[in-house]
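Undergrad: quick one, structure for this:
(2 chains)
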Amino acid sequence: MHELQITERILNIVLKHATGQDVSKVVRIHLRIGALSDLEDEWIQHYFDYLSRGTVAENAILAITRTGAILRCKSCSCSFEVSREELGRAQCPDCGETGLELVTGREYVIENMEVL
Amino acid sequence: MSDAVRLIEIKEEIHADNQLVAQGLRRQLEEKKTFLLNLMSSPGAGKTNTILKTIDALRDRFRFGVLEADIDSMVDAELIAARGISAVQLRTGGFCHLDAAMVAKGLDALDLDALDVVLIENVGNLVCPAEFDTGAVKNVMILSVPEGDDKPLKYPLMFTVSDVLLVNKIDYLPFSDFNLEAMRERVLRLNPRIEIFEISAKTGQGVDNWAAWLGREVSSFIAPASGASRPRIGKFLNTSRC
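TA: Below is the predicted model of the structure:
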């Protein structure tokens, strides 16, 4: 639902990093987004195509990697990855404990970009 | 050579600018001794009524202000101002959530020196508000009984970022198949630190327990006991694989 605002931020950061780097075109932008995000990949690209018109990032492809949620067991400190669907019913694979804390899964990172 | 694709490293968090504004806001509010609480839920879960009941329970101890966020309309702010409480209506104009900059703008319209607590009524939505740090000291969410006990499975992030879950409309329990125990188990798996209170903002049932918790939090924020550590806000933990 808030893809437009997020996409605007992505574009601003990309343009900031393109400035002064002799970039004629941004080809691909690599994003790492956590499993807990509700963003729709298709809409981010759609908004990006719209917002980036007339900039060096026009027609750039957003390559999105989803990172899993990593939980840590409160009892034995074991860390393990779960899918978004498994989050609400997860338990420690080692000791069966259900008291778990989220270690990763909320990331929104622009890793790098391929440019010409 | 000019046709060769080059890689530019960025490694930037998309929310970094919002987090900076939120942290600045928290520092400013800490100096002013104003406790900011962010209340989130889906539309119709009872945010406005919960705010009114909460203020009723604590208004002889603290001075309250309210930031009302809605995509449009002034109805909530009018309802609160009618009780003699300072209220500012933020019209987000289509935005599905509040970010820290919008909250800062709303706070500018309140006299913070005359307030101990500001309650933010975020836009009714279980998705987007969970993504944006508002600068609040505590995040509180409401899940109302008619919405169903499966919501932690559908909106895990909201339950993960909240410090408190208010299960509202418990007066509906006898007419519903809402399973409190199943809901509690799902929520605690997502967030073992969360405090859960069962309330009915309509009948007032359970509001005392919630208000007592909030009263303690506000008191220790305004006048921290010497040697007490500040509440930890936001958690980033290192991962180790087993």
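Undergrad: what are the boundaries of the helices in chain B?
TA: B:16-32, B:47-58, B:75-81, B:100-108, B:151-154, B:156-161, B:180-190, B:207-222 (DSSP state H).
Undergrad: bridging residues for the residue most central in space within chain B?
TA: Centroid check for chain B by Cα atoms, centre = their mean gives B:Asn38 as the closest residue, at 2.5 Å. Beta-bridge pairing for B:Asn38 (DSSP bridges): B:Ile120, B:Asn139.
Undergrad: that one and B:Met141 touch, don't they?
TA: No. Between B:Asn38 and B:Met141 there is no contact under Cβ atoms under 8 Å: 9.0 Å. All C-beta spots, glycine's among them, are computed from the backbone N, C-alpha and C.
Undergrad: mind listing what B:Leu214 touches?
TA: B:37, B:54, B:58 (Cβ atoms under 8 Å, 6 or more residues apart in numbering or on different chains).
Undergrad: tell me, how many residues neighbour the closest residue to the second one other than its chain neighbours?
TA: Right, B:Thr54. Leaving aside its chain neighbours, B:Thr54 sits nearest to B:Ala211 (5.9 Å; criterion: Cβ to Cβ, 6 or more residues apart in numbering or on different chains). Number of residues near B:Ala211 (other Cβ atoms under 10 Å in any protein chain shown) recorded here: 19.
Undergrad: and if you look at the one 4 residues further on?
TA: A count of nearby residues for B:Gly215, using other Cβ under 10 Å, gives 16.
Undergrad: what separates the residue of chain A most remote from its centre from chain B, distance-wise?
TA: Distance from the centre of chain A peaks at A:Cys95, with 30.9 Å (Cα atoms, centre = their mean). Look at A:Cys95 and chain B: by Cβ to the nearest Cβ, to the nearest Å, they are 10 Å apart.
Undergrad: from B:Gly215, how far out is A:Val23?
TA: A:Val23 sits at a distance of 56 Å from B:Gly215 (criterion: Cβ to Cβ, to the nearest Å).
Undergrad: contacts only, for the most centrally placed residue in chain A.
TA: A centroid search over chain A (Cα atoms, centre = their mean) returns A:Ile33, at 1.6 Å, as the residue closest to the centre. Counting by Cβ under 8 Å, 6+ apart, A:Ile33 touches A:39, A:64-67, A:107-109.
Undergrad: of those, closest to chain B?
TA: For these, the closest approach to chain B (Cβ to the nearest Cβ) belongs to A:Tyr108, at 4.0 Å.
Undergrad: ok, the residue nearest to A:Ser52 when sequence neighbours are not counted - how many residues close by?
TA: Of all residues not flanking A:Ser52 in the chain, A:Glu58 sits nearest, at 4.9 Å (Cβ to Cβ, 6+ apart). Using other Cβ under 10 Å, A:Glu58 is surrounded by 13 other residues.
Undergrad: and the strands in chain A?
TA: A:26-34, A:61-67, A:69-73, A:79-82, A:100-104, A:108-115 (DSSP state E).
Undergrad: mean pLDDT lowest for which of those?
TA: Of all the strands of chain A, the minimum mean pLDDT falls on strand A:100-104 (a mean of 84).
Undergrad: ok now it, how far from the chain's centre?
TA: Here the centre of strand A:100-104 is set off from its chain's centre by 17 Å, with Cα atoms, centre = their mean, to the nearest Å.
Undergrad: same deal with stretch B:58-77?
TA: Worked out by Cα atoms, centre = their mean, stretch B:58-77 lies 13 Å from the chain centre.
Undergrad: contacts for that stretch next, please.
TA: Taking Cβ under 8 Å, 6+ apart as the rule, stretch B:58-77 contacts B:48, B:51, B:55, B:80, B:85-96, B:98, B:102-103, B:106-107, B:110, B:112, B:114-124, B:211, B:214-215, B:218.
Undergrad: equivalent analysis for stretch A:84-99, please.
TA: Taking Cβ under 8 Å, 6+ apart as the rule, stretch A:84-99 contacts A:35-36, A:69, A:71, A:73-76, A:78, A:80, A:82, A:100, B:152-153, B:156, B:185-186, B:188-190, B:192, B:242.
Undergrad: buried residues in it?
TA: If you call a residue buried by 16 or more other Cβ atoms under 10 Å in any protein chain shown, then stretch A:84-99 has these buried ones: A:84, A:86-88, A:90-92, A:98.
Undergrad: ok, B:Ile85 - contacts?
TA: With Cβ under 8 Å, 6+ apart, B:Ile85 has these contacts: B:55, B:59, B:64-66.
Undergrad: okay then, goodbye and thanks.
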